[in-house]
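In: Provided below are the primary sequence and the corresponding predicted coordinates.
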Protein chains: 2
Amino acid sequence: MPRTAFFISDGTGITAESLGRSLLAQFASVDIRMVTKPYIDSLEKAHDLAAVIEATAVRDGETPIIIDTIVDQSIRQIITQTPGFKVDIFTTFLAPLEEELKTHSSYSVGHTHAIGRDDIYMQRIDSVHFALDNDDGARVHQYDKADIILVGVSRCGKTPTSLYLALQFGIRAANYPLTEDDLDEDGTLKMPKALAPHRHKLFGLTIDARRLKAIRSERRPNSRYCSIDQCLMEVQQAEALYRRYHVPFIDTTRFSIEEISTRMIAETGLQRRFSPR
Amino acid sequence: MPRTAFFISDGTGITAESLGRSLLAQFASVDIRMVTKPYIDSLEKAHDLAAVIEATAVRDGETPIIIDTIVDQSIRQIITQTPGFKVDIFTTFLAPLEEELKTHSSYSVGHTHAIGRDDIYMQRIDSVHFALDNDDGARVHQYDKADIILVGVSRCGKTPTSLYLALQFGIRAANYPLTEDDLDEDGTLKMPKALAPHRHKLFGLTIDARRLKAIRSERRPNSRYCSIDQCLMEVQQAEALYRRYHVPFIDTTRFSIEEISTRMIAETGLQRRFSPR
């Protein structure tokens, strides 16, 4: 029976969960079931959750781990009285910070967040629609408005990455597929016409050919599109193009979308339009 | 001159930044400039950053706040020797956790994360493409495969929300716009035909009419589409439909996309296909 960890919040639970996962990832040998409980914002919900925690302790035969960011002290108290090992983020760090900053904290996590701020919301919506409108080379006349243009072979991760950049950072990312349409007479991939004037904005994605084959097979099994020869050829051509034109590129095989995106920002010095919560 | 806070990591910086922002949000009265420095993974980068931190301390005339999740102790030491107020997430919480879990931690945050796990990557790509294929009522024959179908008037936040659900949680979210096409002869909005068989999967979005007007004005200024009368009428019709058919709904006006998404999951009991980093 795995041990259970609860990430509890009166808001989205994103902070508690993010920290909790990072801490517990350090204990790879321990089997931990992770449960996020957001919006615990009333005494009633807290009592219900306390009952769940108590039942879990009995069932697991182990003390659950509790990581919370609840603001309201009366709600919080119900949770802290349960049989759990508490990781108390806020009181641990807020007291020394109060001293350092010489002011009282509002201890109101989840309430003072930049939520629904009109400018951020507009930027996000705008960037998401920009990514959608300029997905997969669908439209190329807006490239002067793009912050970055992702290039790569079909299914190497261009679309999810451009959407992540838009949603998390308000970055306007277009993307353009490298295909056989742009092969030269001698069989070399040339710089697509639509991209030539925007070479300084290009960022390449590449991927292991076997991995690409696996991804493409999900979509169109047993096609030339997903054959290993085709995948190998396309990936080699793409990488040769990046090298020839000094396009920075990243191998998406081993990276999550978060990592690809944050690495791109770090490498290019792209400016975020806003910061994530 | 604002005081500076550095969120430093040898990985994406997502954990350090998320925790740092939450902690500092408690000090609304203090003017803090927040800077994220990801991928500080070499002695050279650490020395460069240390120089930046020192220069910042001099310029601000205030000690910078430093929140880091660097694993490598020799790299970390360079940062901890700078003149900064350190919030030490990992050593503060890992020691007691090691005791509780009766094992040593790998103290390797950012390295043991579930990065590039094939199943998660596939789920994400799949869900993102599902959201795109089923955006704005573009295709309705895949609704039996949808986990949830978002409905609402044009520009109330359906698309960004469905993409967020896909990227963060692997949830397959379709979305369908409520338009005048579905007005009855007596001027009442009726349940669109494509949605009728999937009523149990519907989730409504609504929005303040003035806010909707502002958003639509960005897109098509001075049109009927963005007039306050039109916005008011559409929103009222949509909300009446939700009530008539007992469709759960949420007002997106005051909420971030994170909140809309996590509230939806909490209210419907939707299962995440995976958990975010």
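Out: Sure, I can see it. As the structure is a prediction and not an experimental result, all values here were calculated from the model.

In: How many residues are close by whichever residue of the stretch 101-250 of chain A sits closest to chain B?
Out: Residue nearest to chain B within the stretch 101-250 of chain A: A:Ser105 (3.6 Å; CB to the nearest CB). Where C-beta positions appear, they are placed from N, C-alpha and C, glycine not excepted. Residues contacting A:Ser105 under the criterion other CB atoms under 10 Å in any protein chain shown number 22.

In: Ignoring the adjacent residues along the chain, who's closest to it?
Out: Using CB to CB, 6 or more residues apart in numbering or on different chains and skipping the chain neighbours, the partner closest in space to A:Ser105 is B:Gln26 (3.6 Å).

In: still on that earlier bit, just the pLDDT at the residue of the stretch 101-250 of chain A closest to chain B, thanks.
Out: pLDDT recorded at A:Ser105 is 79.

In: same question, A:Cys231
Out: Value for A:Cys231, per-residue pLDDT: 97.

In: you'd agree it is up against A:Ala214?
Out: No: counting by CB atoms under 8 Å, A:Cys231 sits too far from A:Ala214 to count as a contact (9.4 Å).

In: who's more crowded, those two?
Out: Taking neighbours as other CB under 10 Å, A:Cys231 and A:Ala214 compare with A:Cys231 leading, 26 against 16.

In: What residues does that one make contact with?
Out: Listed by CB atoms under 8 Å, 6 or more residues apart in numbering or on different chains, the contact set of A:Cys231 reads A:153, A:209-210, A:212-213, A:216.

In: Report whether it is found in a strand, as I expect.
Out: No: under DSSP: H, G, I helix; E, B strand; the rest coil, A:Cys231 sits outside any strand and is assigned helix.

In: How far does stretch A:198-210 stretch from one end to the other?
Out: 31 Å (CA to CA, to the nearest Å).

In: Compute the mean per-residue pLDDT across that stretch, please.
Out: 97.

In: And stretch A:182-202, what's buried?
Out: A:182, A:189, A:191-192, A:194-195, A:198, A:201-202 (16 or more other CB atoms under 10 Å in any protein chain shown).

In: contacting residues around that stretch?
Out: Counting by CB under 8 Å, 6+ apart, A:137, A:140, A:143-144, A:146-149, A:151, A:176, A:178, A:237-238, A:240-241, A:245, A:247 sit against stretch A:182-202.

In: That one: how far from the chain's middle?
Out: How far stretch A:182-202 lies from its chain's middle: 30 Å, per CA atoms, centre = their mean, to the nearest Å.

In: just to revisit the earlier point, quick one: neighbours of the residue nearest to A:Ser105, just the number.
Out: 23.

In: was I right about it contacting A:Leu94?
Out: Yes: with contact defined as CB under 8 Å, B:Gln26 counts as touching A:Leu94 (6.1 Å).

In: one step back: ok, which pair from the contacts of A:Cys231 is furthest apart?
Out: The most widely separated members of the contacts of A:Cys231, counting by CB to CB, are A:Val153 and A:Arg210 (13.7 Å).

In: Look at these two and report which has more neighbours.
Out: For A:Val153 versus A:Arg210, neighbours defined as other CB under 10 Å are more numerous around A:Val153 (25 against 12).

In: That one is in contact with A:Tyr176, isn't it?
Out: No: A:Val153 lies out of contact with A:Tyr176 (CB under 8 Å); the separation is 11.0 Å.
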